[in-house]
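[1] Sequence first, then the predicted structure:
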Protein chains: 2
Amino acid sequence: MENNQLRINGKRLQDSLEQMAKIGATPNGGVQRLTLSDEDKAARDLFVKWLKELDLEIVIDELGNIFGTRKGKDNTLAPVMSGSHIDSQPKGGRFDGILGVMGALEVMRTLTENSIETQHPITIVVWTNEEGTRFAPAMMCSGVWANALDKKWIYDRTDINGKRFEDELIRIGYKGDTPAKKSDIHAYYEYHIEQGPVLERENKIIGIPKGIVCLHWYDIYLEGEANQVGPTPMEGRHDALCAAAEMILKVNELPNRMGGNLVATVGEIQNEPNSRNIIPDKIHFTVDIRSWDDDLAIKAWDLVKQDFENIAHGRGCPIRIEETWRVEHSPFNQELVKNIADSAKILGYPSLHMVSGAGHDASYMNQIAPTAMIFVPSIGGRSHVEVEKTKWEDCEAGTNVLLHTILKSANG
Amino acid sequence: MENNQLRINGKRLQDSLEQMAKIGATPNGGVQRLTLSDEDKAARDLFVKWLKELDLEIVIDELGNIFGTRKGKDNTLAPVMSGSHIDSQPKGGRFDGILGVMGALEVMRTLTENSIETQHPITIVVWTNEEGTRFAPAMMCSGVWANALDKKWIYDRTDINGKRFEDELIRIGYKGDTPAKKSDIHAYYEYHIEQGPVLERENKIIGIPKGIVCLHWYDIYLEGEANQVGPTPMEGRHDALCAAAEMILKVNELPNRMGGNLVATVGEIQNEPNSRNIIPDKIHFTVDIRSWDDDLAIKAWDLVKQDFENIAHGRGCPIRIEETWRVEHSPFNQELVKNIADSAKILGYPSLHMVSGAGHDASYMNQIAPTAMIFVPSIGGRSHVEVEKTKWEDCEAGTNVLLHTILKSANG
């Protein structure tokens, strides 16, 4: 069989995704596999079992990143790598992350059952804690691997109950011996759902991002003065929730104010004491700003930060601002982007050049290796929710593109 | 000794308050005695022990309300009643509620050690669940006793963990046999901290409210559309938190808009999924409106409700509104108000006629019996917080006013 005729097994891919979806399944059809939870462990165990069936060389590093390598004709060459993550949001979907892992696995299975040898070795990877929900920040362990984050700092990160990352990693049995340290990678491809509405709206099956937007996270802490609401006149109140409400609206107006080329969101808010008859005196909320234009995002932040300080001053609510995390926008390797576009074209799938609004492990990989991504449509643009869905035929299409793109790099 | 020379024992009052403050003490000097918690039980046990030492006739009704009656010369006469509540806010203060109970207890102790007989019997009362924080609404059990609320409905109220009121009442051993049903009361006096800044600002020791403002509670539920924030353009978002932020500011502006004679507050908000990279899709928040003018409060609500509906429509966030609770403003009995003013004058304490901005069990008692209240200053106007404080000499002053006011009614 000519390689160009080669196709993955869509039914087998669907079966694997459905088996994974049972682990941490939620009542409304989603999954909850928080990082280093029992569900994360169960999904890892199943994945490792599948790697063993393919006779791959399995390595688990000191951060729980899992690598499975299929030998090439010349194992002195750097491998082509592909994968994504197994963890999910709380009440997350059945495709985010896991599609890229099951897709790469299906590529491995297809190569093996067709006895196809490649020049370069091929490595499938699962990165620990992409979501950053249980332990912040996101994409932690690809970050360490790519030498952008510090391992010791990661080990000491705690969840909301004060549990340490390292302790939980040991608890589920996934703290390996191999250092989490970058090695030469010939090409890194990450296959993922779009998580936005663009492909569906444009009626395309394959999305080819030119890169990932920048991602800036901020944490805002406000103090007010708690008092019984009835006997406390409006004059002289220091209501932290009112201050936060003004700030939330400023964040929401920011993209328009900057001309549109960014998104800005407050997703999280904590209010204390959170009692209906007490004036709120402690607020924490988050700000997320993303743009292809890093300077625009920073300019926007500077403006809204000034707004925050004015509002805090006006309401007599002291403010503390943490500039928690900044990742620059990340243009992918143009040759790899072209490989994906060529594969989509050969396979006859309509494709679209775009940007990735979401961060991915590919962001960090892009700092140390030629990197690109393949997107498939999210129905209704919905993601990070239980109803997250991608058509099975689109999952299959994306995996075929991944197969042919990997083959091209692994033989090129 | 002439009765006019009679004074309570300020040191003993302070001791009793300090003993009570140990039960549920919080690290920052407050107390947390949530309704029907182990701390509530411990405080009740201590209170009942003290009642027994005074040889009072003790009755515990089917809602856990506790009554201790000191015989009068003519026990066919309706009793004078005084008391308040033992439960607290989460991270509440050491004076709210318990001062009125310890004050009435100190009055009983003073009468007994001075062998003073009164014409009417005198009853001290502790009402279950005044705060309404663990089980909503507030002032539940004075409400049932006064025939304004339904007992079965109260039994089925649940806390945030789904625990039923009745089950918890049985668990702590305070479900009595006596029906929670009003009886004739000659006069009801409730002694309480002001919980506002007015007395301190005006440099008065005794506050004499002409009544309690109306109290309207609303619950607002908003739906948005959850999505990953990065790949979801600003256009077409349905962000429930932004809708809520607009509404919170409308509530805050309401008193000014209505000319000032009301207070309006959002104290509580829940946001889901509350993740920094997901657009919020479920919000619950509360609205609390209070005024001496019931019609003004309802007019204000009608206006802000219209604002809510417009905002919800504009942001494509379906809204559900519950009109949870309304208590009308409640003017106290003028003769009892005058008794208090006379006592303060005789005792030489500077006093102020005012309104009560907070609801109290006195609201329900006022529907079925002649009722009035005595306030003492809250330092800095702070209440429902751990730093809540009233000077010991003011606690003593208020209790002396209570003593003489009770004597007047019990002999009149």
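    Okay, I see it. Residues are numbered from 1 along each chain as shown, chains lettered A, B, ... in the order given.
[2] Distance of residue A:146 relative to chain B?
    Going from residue A:146 to chain B by CB to the nearest CB, to the nearest Å gives 20 Å. Just so you know, the C-beta spots here come from the backbone N, C-alpha and C atoms, and that holds for glycine as well.
[3] Quick check: which element contains the nearest residue to that residue once chain neighbours are set aside?
    Closest residue to residue A:146 apart from its sequence neighbours, by CB to CB, 6 or more residues apart in numbering or on different chains: residue A:364 at 4.0 Å. Counting by DSSP states H and E, the element that carries residue A:364 is helix A:361-365.
[4] Skip ahead from that helix and say which helix or strand is next.
    Sequence order places strand A:371-376 as the next helix or strand after helix A:361-365, per DSSP H and E.
[5] Relative to the whole chain's centre, how far out is that following strand?
    13 Å (CA atoms, centre = their mean, to the nearest Å).
[6] buried sites along the next helix or strand after that strand?
    Sequence order places helix A:392-411 as the next helix or strand after strand A:371-376, per DSSP H and E. Buried residues in helix A:392-411, counted by 16 or more other CB atoms under 10 Å in any protein chain shown: A:394-410.
[7] Which strands or helices does the helix holding residue A:364 pack on?
    The contact analysis (3 or more CB pairs under 8 Å, 6 or more residues apart in numbering or on different chains; DSSP states H and E) places helix A:361-365 against strand A:80-85, helix A:140-145, strand A:187-193, strand A:371-376.
[8] Other residues contacting the last one?
    If I follow you right, that is strand A:371-376. Strand A:371-376 is contacted by residues A:99, A:187-194, A:199, A:205-209, A:212, A:332-333, A:336-337, A:339-340, A:354, A:356, A:360, A:362, A:365, A:390, A:394-395, A:397-398, A:401-402, A:405 when judged by CB atoms under 8 Å, 6 or more residues apart in numbering or on different chains.
[9] contacts for stretch A:100-113?
    In contact with stretch A:100-113 (CB under 8 Å, 6+ apart) are residues A:6-9, A:12-13, A:16-17, A:20, A:47, A:50-51, A:54-56, A:68, A:70, A:82-86, A:116, A:118, A:122, A:124-126, A:190-192, A:395, A:398-399, A:402-403, A:406.
[10] Among those residues, name the buried ones.
    Burial by neighbour count, judged by 16+ other CB under 10 Å, picks out A:6, A:8, A:12-13, A:16-17, A:20, A:47, A:50-51, A:54, A:56, A:68, A:70, A:82-86, A:116, A:118, A:122, A:124-126, A:190-192, A:395, A:398-399, A:402-403, A:406 from these.
[11] need the strands for chain A, in chain order.
    Assigned by DSSP state E, the strands in chain A fall at A:57-60, A:66-70, A:80-85, A:122-127, A:187-193, A:206-212, A:214-223, A:263-265, A:269-272, A:282-291, A:319-327, A:330-331, A:351-356, A:371-376.
[12] how does chain A divide into domains?
    Taking automatic domain parsing as the criterion, chain A consists of the domains A:3-213+A:329-411, A:214-326.
[13] pull the CA atoms of stretch A:66-86 into CSV?
    These are the backbone C-alpha positions of stretch A:66-86, laid out as CSV (Å, rounded to 0.1, in the frame of the first residue of the first chain):
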residue,chain,number,x,y,z
ILE,A,66,4.7,9.9,30.0
PHE,A,67,6.7,9.2,26.9
GLY,A,68,6.2,6.1,24.6
THR,A,69,8.8,5.8,21.8
ARG,A,70,8.5,3.7,18.6
LYS,A,71,11.9,3.0,17.1
GLY,A,72,12.9,4.4,13.7
LYS,A,73,15.3,3.2,11.1
ASP,A,74,17.9,5.6,12.5
ASN,A,75,17.6,6.0,16.3
THR,A,76,20.4,8.5,16.4
LEU,A,77,18.0,10.9,14.8
ALA,A,78,15.8,13.1,17.0
PRO,A,79,12.2,11.8,17.3
VAL,A,80,9.0,13.3,15.9
MET,A,81,6.8,13.9,19.0
SER,A,82,3.1,14.1,19.3
GLY,A,83,0.6,14.1,22.2
SER,A,84,-1.3,16.3,24.6
HIS,A,85,-2.8,15.9,28.0
ILE,A,86,-5.2,13.5,29.9
